[in-house]
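In: below are the sequence and a predicted model; questions follow.
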Amino acid sequence: MPELPEVQTVVNSLVKPLSGRKITSISAHWPKVFDNFHPDTLFKKQSQLKIITVFRRAKFIIIQLEDSILAVHLRMTGKLYISEESILPKHTSALIKLDKKMNLIFEDVRKFGRIYFFKNLDIINTRHGIEPLSDMFQIKIFQKILLSKKRNIKALLLDQSIVVGLGNIYVDESLWMSGIHPNSLSYLIPKLKIKRLHQSIIIILTEAIESKGTTIIDFSVNGQSGKYSSKLSVYGRKNDQCLNCKSRIIKLRICGRGTYVCNICQQKYLKK
DNA sequence: AGGCGTTCCTGGGGGC
DNA sequence: TGCCCCCAGGAACGCC
């Protein structure tokens, strides 16, 4: 499932080939793929749309046009890539045609992915929190947030309005690395552990981007699988030995998600 | 405020 | 082999 490192990997693969290109048409192959607009409306005043650049905000791939943006969210199984093939894949959700006969294909088996059209980032920014790999992600701010909320720590980390980019895999990895049980309450976690969690999030996301993401389930760029899956410490390792203490990794259900935990290494902070 | 269930989807795996 | 059922989950939404 694409999280921050996977989305960043897609962006990195698209920024050079797409910058300066022109979109000549946009069509839906799955009717619901365009969430808040109809593509025909974009071509009423102009026959083509110039792409300025591509970047990431939260888990969105932002295609910057001259005075607007296309925001692509991959959700669970979305893939966005350039193709010169004339035959479209079975699960194509949208086809974005470019000049020089190139296609930008949005392929999505489970059809959760969406494309949005906005004038700017305002709407996305109001609903989304801090970028964990930016200067805004400061230990003091993170501590203040965790201590001010009486929330399950896994739920809090998955909440995109607080810190963006983390999903089920990297939340489990970050909590394991910092020795915090995912069923802990945020305001009861000691400051030292919050500091470790802050560091773990940065380290894990950075290393995952360097490995071009995790290939659990469906993620790949240009058919190339991410390499982070071999570096996962707890996620998907039910009954395997904990890399730290050799006890068995267990699988729980927390926040409605499959959650992997080492009960020995990860301390639970709950009110007795 | 925050937890929880529901919805959207399809492919894959387990059970028989 | 084949069929049925359940599970995977990001995010929005409604309810308590």
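Out: Good, I have the coordinates. Residues are numbered from 1 along each chain as shown, chains lettered A, B, ... in the order given.
In: apart from its chain neighbours, what residue comes closest to A:I96?
Out: Ranked by C-beta to C-beta, 6 or more residues apart in numbering and with sequence neighbours excluded, the top spatial neighbour of A:I96 is A:L104, at 4.0 Å. No exception for glycine: its C-beta is placed from N, CA and C like everyone else's.
In: list the contacts of the one you found.
Out: Residues near A:L104 by C-beta atoms under 8 Å, 6 or more residues apart in numbering: A:L14, A:L18, A:I23, A:L80, A:Y81, A:I82, A:S83, A:L95, A:I96, A:K97, A:L98.
In: quick one: pLDDT of the nearest residue to A:N244 once chain neighbours are set aside?
Out: In space, and not counting its chain neighbours, A:N244 is closest to A:C265: 5.1 Å by C-beta to C-beta, 6+ apart. What the model reports for A:C265 is a pLDDT of 97.
In: enumerate the residues of the stretch 151-272 of chain A near DNA strand C.
Out: Within the stretch 151-272 of chain A, the positions near DNA strand C by C-beta under 7 Å from any atom of the strand are A:L158, A:Q160, A:G167, A:N168, A:I169, A:R257, A:G258.
In: can you do 10 Å?
Out: A:158-161, A:164-172, A:216-217, A:235-236, A:238, A:251, A:253-260 (C-beta under 10 Å from any atom of the strand).
In: show me the beta-bridge partners of the residue nearest to A:I96.
Out: Beta-bridge partners recorded for A:L104 (DSSP bridges): A:I82, A:I96.
In: quick one: it from DNA strand B, how far?
Out: 21 Å (C-beta to the nearest atom of the strand, to the nearest Å).
In: against A:E85, how distant is that residue?
Out: Applying C-beta to C-beta, to the nearest Å, the value for A:L104 to A:E85 is 12 Å.
In: and for A:I105?
Out: From A:I105 over to A:E85 (counting by C-beta to C-beta), the distance is 9 Å.
In: neighbour count for the two, which is higher?
Out: When A:I105 and A:E85 are compared on other C-beta atoms under 10 Å, the one with more neighbours turns out to be A:I105, at 20 against 8.
In: go ahead and confirm the more buried one touches A:K90.
Out: No: contact criterion C-beta atoms under 8 Å: A:I105 and A:K90 do not qualify, at 11.5 Å.
In: how is chain A divided into domains?
Out: Domain segmentation of chain A under automatic domain parsing yields A:4-127, A:139-261.
In: ok now the first one, how far from the chain's centre?
Out: Its chain's average C-alpha position is 16 Å from that of domain A:4-127, according to C-alpha atoms, centre = their mean, to the nearest Å.
In: swap in the shortest one?
Out: Taking C-alpha atoms, centre = their mean, one finds domain A:139-261 lying 13 Å from the centre of the chain it belongs to.
In: straight-line length of that domain, end to end?
Out: Terminal residues of domain A:139-261 lie 24 Å apart, using C-alpha to C-alpha, to the nearest Å.
In: please apply the same query to stretch A:248-267.
Out: Termini of stretch A:248-267 sit 15 Å apart (C-alpha to C-alpha).
In: so which bits of it are buried?
Out: By 16 or more other C-beta atoms under 10 Å, the buried positions in stretch A:248-267 come out as A:I249, A:I254, A:C255, A:T259, A:Y260, A:V261, A:C262, A:C265, A:Q266.
In: closest one of these to DNA strand C?
Out: Closest approach between those and DNA strand C, by C-beta to the nearest atom of the strand: A:T259, at 7.6 Å.
In: turn the contacts of A:L104 into TSV, columns for distance to DNA strand B and pLDDT.
Out: Converted to TSV, the contacts of A:L104 look like this (distance: C-beta to the nearest atom of the strand, whole Å; pLDDT from 0 to 100):
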residue	distance to DNA strand B	pLDDT
A:L14	25	96
A:L18	27	97
A:I23	24	98
A:L80	18	95
A:Y81	18	94
A:I82	23	95
A:S83	19	93
A:L95	17	97
A:I96	20	97
A:K97	24	97
A:L98	27	97
